[in-house]
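In: Need the 3D shape of this:
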Amino acid sequence: MSRPGRSLWRRAAGLLGSVLLALLAVAILAVLALRWLNPPTSAFMLEARIHARLAGERHFQLEYHWVSLASISPQTAIAVVASEDQLFPYNDGFDFASILAALRAHERGARLRGASTITQQVARNLFLSPERSWLRKGLEAGFTVLIDTLWPKRRILEVYLNIAQFGPGIYGVGAAAHHFFHASPERLTRDDSALLAAVLPNPLRLHVDAPSRYVLAQHDWILQQIANLGGPAYLAGVLPRSMLFGPHAPLGARSAASGSRPIRPLAP
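Out: The predicted model follows:
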């Protein structure tokens with residue numbers, strides 16, 4: 001290759017490297033800022049708005065309002081952890097055992113099931129899109145590392161509970177509590193919380209207000225998992241003390257030990 005050709009390739013490689021470094025810096029700054037700033041929206045919410053507009057859904061309304069973690073029932077916090085990521089207090093953003101189990105099951109012919117942790121779901125919902133591609137998975141892994149490194153577990157759970165989807169256009173526990181139960185999120189019961197957690201895998205097909213037999217079975221399974229984990233006290237190292245020992249704290253959490261060990265999720 002001639003020298004001018006090599007010079008052109010070097011310039012292109014240098015430009016690409018600069019662009020990638022700039023994007024990495026932007027990602028780091030965005031994740032770091034959201035450690036303290038509450039996100040006004042998420043990538044999933046923006047996509048829902050765009051999809052509704054393109055589909056001509058004039059009556060589409062997106063329900064979302066931020067609530068602090070201290071204003072959410074500890075029953076809801078433990079319900080989503082029991083349902084989605086039982087090793088959340090202990091993992092580093094990834095559950096490699098679950099990922100390997102899912103891959104082995106896929107090799108045996110089973111459909112590839114999700115093994116996403118709560119941290120991975122925050123990365124995907126907040127910054128990316130629902131589309132399935134290797135590029136998205138790679139970006140999701142990168143954002144997961146940043147979030148797990150730069151945010152405490154308490155912040156990760158707080159953001160998750162505020163941006164998770166619980167129905168068409170319904171995002172966050174605050175909106176879900178008012179929409180489905182006409183209650184504030186701190187007043188959600190164990191049953192309410194298990195029902196909300198039961199629809200998380202597919203909130204467009206699974207319904208809180210018209211639960212199918214599958215959703216009711218998931219609800220019961222989640223309640224059993226909560227009991228196995230020891231209730232909200234399992235999250236003693238994550239939740240504010242006011243949630244566990246305040247006036248609205250569940251009675252069991254006030255006296256339960258905080259040294260619970262993680263329990264592997266059982267198949268529903």
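
In: And Ser83, what's its pLDDT?
Out: Note on Ser83: pLDDT of 97.

In: Phi first, then psi, for Tyr171.
Out: phi -120, psi 130 (degrees, to the nearest 10).

In: Give the burial count for it, as a bare number.
Out: Other residues near Tyr171 number 24, with proximity taken as other Cβ atoms under 10 Å. From N, CA and C alone the C-beta is placed, and that goes for glycine too.

In: How about Ala177: what's its closest non-neighbour residue?
Out: Pro185 (4.3 Å; Cβ to Cβ, 6 or more residues apart in numbering).

In: ok, that neighbour touching Phe166?
Out: No: using Cβ atoms under 8 Å, Pro185 is not in contact with Phe166, being 11.3 Å away.

In: residues contacting Val145?
Out: Gly93 (Cβ atoms under 8 Å, 6 or more residues apart in numbering).

In: For Leu200, see how far away it is.
Out: Between Val145 and Leu200 the computed distance is 23 Å (Cβ to Cβ, to the nearest Å).

In: same question, Asp191
Out: Where Leu200 is concerned, Asp191 sits at a distance of 16 Å (Cβ to Cβ).

In: likewise Ile118?
Out: On the measure of Cβ to Cβ, Ile118 and Leu200 end up 10 Å apart.

In: Find residues that contact each of the two.
Out: 80, 84.

In: The two: which is more packed in?
Out: Shown here are Ile118 and Leu200; by other Cβ under 10 Å, Ile118 has more neighbours (24 against 19).

In: show me the contacts for that one.
Out: Here Ile118 is in contact with 80-81, 84-85, 88, 156-157, 160 (Cβ under 8 Å, 6+ apart).

In: Just list the residues touching Leu34, thanks.
Out: Per Cβ under 8 Å, 6+ apart, neighbours of Leu34: 126, 151, 159.

In: Can you select the buried ones among those for me in PyMOL?
Out: Those of the contacts of Leu34 that count as buried under 16 or more other Cβ atoms under 10 Å are selected in PyMOL with:
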select buried, resi 126+151+159
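
In: Please produce TSV containing the contacts of Leu34, extended by distance to Ala12 and pLDDT.
Out: Putting these into TSV (distance: Cβ to Cβ, whole Å; pLDDT from 0 to 100) gives the following:
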residue	distance to Ala12	pLDDT
Leu126	32	97
Trp151	36	98
Val159	38	98
